[in-house]
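S.K.: Just need the structure, nothing else, for what follows:
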Amino acid sequence: MPYTVPDAGEDLLPPTPPLDEESPFATMMTRFDEAAEKLGIDPDIYQILRRPDREITYSVPIQLDSGRTAVFESFRVQHNQGLGPFLGPLRLDPHLKLDDLRALAGYMTWKCSLLGIPFGGAAGGIRISARLRSPRELERAVRRYTAGLLDVIGANTDIFAPDVATDERVMAWVMDTVSEHVRYTETGVVTGKPLILSGTRGLEDGAAQGLRTIVRLALDSAGIAADHRPSVIVQGTGRVGGNLARLLDESGFLVVGLSDVSGGYYQPKGLPVGELLAHRALQGGLEGLPSAGDWLSNDELVTRPCDVLVPCATANTIRFEHAGKLGARLVVEGAHGPVSVRADRVLAQRGIPCVPDILANAGGVLSNYFEWVQNRQGLTWLEDVVEKRRKRFMTEAWTATAELAKQKGVSLRTAAHMLAVGRVAKADQVRGTYA
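M.R.: Sure thing, here's the model as predicted:
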C-alpha cells in the first residue's frame, strides 16, 4: 500500500502529466530549428543555442499551517545570456512541468531579442497550488525558493517577472527576501512589484496594450476590415485576454466572442464586454448571462467567423483538429505558443496570417524591462511616457518582422524567429566561448 502524505493535496502529490507530441517545448524547438536552418547558423553556435545555459531543480521544504512539513519541487531554467542578464517569469502551479519552463525560457530569449532589449530568457516556479495553500504557506514557499536561488539571481544576473498565480504581493515577497540577505533594498531583482515598491505604471494591461497595437498594424498590413468595423474573438479573460477585450471594445472593435476556461459567448452583433467582465469578476466565471449570446465550448468558439482571433489562454489551444475549421481571417497569438506546429502549417496552407507570440504578446515583457530600467535609474516614468515607449518598441518590432517576411517570402512567424535567433547567435559569436 503506497504511503499517504498527511495534508496531501494536488500540489503535494501531483499526478505524472501525460506526454503530448505537440508539447510547448517541441513547438518552441521546431520553430527555432526552422529559423536556424534558414539563417545557416554556424553548427557550433547552433549547439549552444539549442540548450539552456542552466537548469536548476531543487526541493522547497516548508512548515504547513497544520504544523507538518511539506516539500515542494521547484525549478529555474536560464536559457541564454548572450544579450544580457536573464529575465523570466515565476509560476506557482501544482501541475508545473520542466518541459513547459524550458519552452517558456526559450520564448523569453527570442522575445527579448526581437524587441531589442538587453535580456536573455529564463523561467521558473514552484509546483504548488495557490488555491489550496494559505497565504502564509505560499509566502514561506516563495521566500524559501528565492533564498535557494540567491547565488544565481539579481538585478544584473536573473530578474523575476510575474506569471501564473504570482501577483504584486508575491513579487514583493521576492524583493524583500533578496533585500534581507544583501542588506539593502534591491528593487531591480524583480518586476511586477506594487507601485509603492518601485513598480511601474501600465503594468496591469501592458501585454494587452501591446496586443492592441499589433492587432491594428496586422489588420492594416493585411488589408482586412478597411471598410468595416473589425470583428474579434478573444479566447481567455485573464489579465491579458480580459484587458484586451476591454481595450478593443473601447477602441471601436466589435468583440463577437469571449471565453474563459469553461467556455464562452458568441454574438455576431457584438458582446456586452463590460457587463461580461463585471459578471466574471463577481461570479468567478463568464457563464450565467444567457442574454449575452450563444454559449459555446472553447473548441467551438475558436472556429466561428471573425476578422481576428486572439488566443490568450494557454499553449496549444489551437491544434491540428481546429486549424481546418477556423473562421478567422487573421490570428494574433496572445498566449505563449497557442497555435501548435501542425496547426500553424494548416493555417499557412489556407492563407491565414498568424502573428507569432514572441511579437504579439511582447507588451508584458516591455513592462518588465521598463520597470527594471526605472529601478536602475531611480526614476519613475509617467504613464503616458510608458505607453508611448511601449508603442514605439512594438511598432519597430512589427515593421522589422513584416519587412523581412516580405523580403524573404516567409511567414511572419518565420521572419520573427529569424530576426530573434539571428541576433542571439550574433551576440554569442561575438562574445566567444570561455574555456
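
S.K.: Against which helices or strands is the helix or strand harbouring residue 145 packed?
M.R.: Here residue 145, judged by DSSP states H and E, is contained in helix 135-148. Judged by 3 or more CB pairs under 8 Å, 6 or more residues apart in numbering; DSSP states H and E, the packing partners of helix 135-148 are strand 54-63, strand 69-78, strand 86-92, strand 120-126, helix 168-182. The way it works is simple: take the backbone N, C-alpha and C, and place the C-beta from them, glycine included.

S.K.: between these, which gets nearest to residue 272?
M.R.: Closest to residue 272 of the helices and strands packed on helix 135-148 is helix 168-182 (CB to CB; 29.2 Å).

S.K.: buried sites along the helix or strand following the closest one?
M.R.: Sequence order places helix 206-222 as the next helix or strand after helix 168-182, per DSSP H and E. Burial within helix 206-222, assessed by neighbour count using 16 or more other CB atoms under 10 Å, is assigned to 206-219, 221-222.

S.K.: Give me the contact list for the helix holding residue 145.
M.R.: 58, 60-65, 72, 74, 92, 126, 128, 130, 133, 153, 170, 173-174, 177-178, 181 (CB atoms under 8 Å, 6 or more residues apart in numbering).

S.K.: go again using 7 Å as the cut-off
M.R.: The contact list for helix 135-148, computed with CB atoms under 7 Å, 6 or more residues apart in numbering, reads 58, 60, 62-65, 72, 74, 92, 126, 128, 130, 170, 173-174, 177-178, 181.

S.K.: ok, back up a step: please tabulate the helices and strands packed on helix 135-148 in CSV, including the columns mean neighbour count, distance to residue 385 and mean pLDDT.
M.R.: As requested, the helices and strands packed on helix 135-148 are arranged in CSV below (neighbours: other CB atoms under 10 Å; distance: least, CB to CB, whole Å; pLDDT from 0 to 100):
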stretch, mean neighbour count, distance to residue 385, mean pLDDT
strand 54-63, 14, 35, 96
strand 69-78, 21, 31, 97
strand 86-92, 27, 21, 97
strand 120-126, 28, 26, 98
helix 168-182, 19, 21, 98
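
S.K.: got the ones you listed as TSV, with distance to residue 139 columns?
M.R.: Formatted as TSV, the helices and strands packed on helix 135-148 follow (distance: least, CB to CB, whole Å):
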stretch	distance to residue 139
strand 54-63	9
strand 69-78	13
strand 86-92	11
strand 120-126	12
helix 168-182	6
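
S.K.: Alpha carbons of the helix or strand residue 25 falls within, in CSV - could you do that?
M.R.: Assigning secondary structure by DSSP H and E places residue 25 in helix 24-39. Output in CSV follows, covering the C-alpha atoms of helix 24-39 (Å, rounded to 0.1, in the frame of the first residue of the first chain):
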residue,chain,number,x,y,z
PRO,A,24,5.2,23.6,-25.9
PHE,A,25,8.9,22.7,-25.8
ALA,A,26,8.7,20.7,-29.0
THR,A,27,6.8,23.6,-30.6
MET,A,28,9.4,26.1,-29.5
MET,A,29,12.3,24.0,-30.6
THR,A,30,10.7,23.3,-34.0
ARG,A,31,10.4,27.0,-34.7
PHE,A,32,13.9,27.6,-33.5
ASP,A,33,15.3,24.9,-35.8
GLU,A,34,13.4,26.2,-38.8
ALA,A,35,14.8,29.7,-38.2
ALA,A,36,18.4,28.4,-37.6
GLU,A,37,18.3,26.4,-40.8
LYS,A,38,17.1,29.4,-42.9
LEU,A,39,19.8,31.5,-41.3
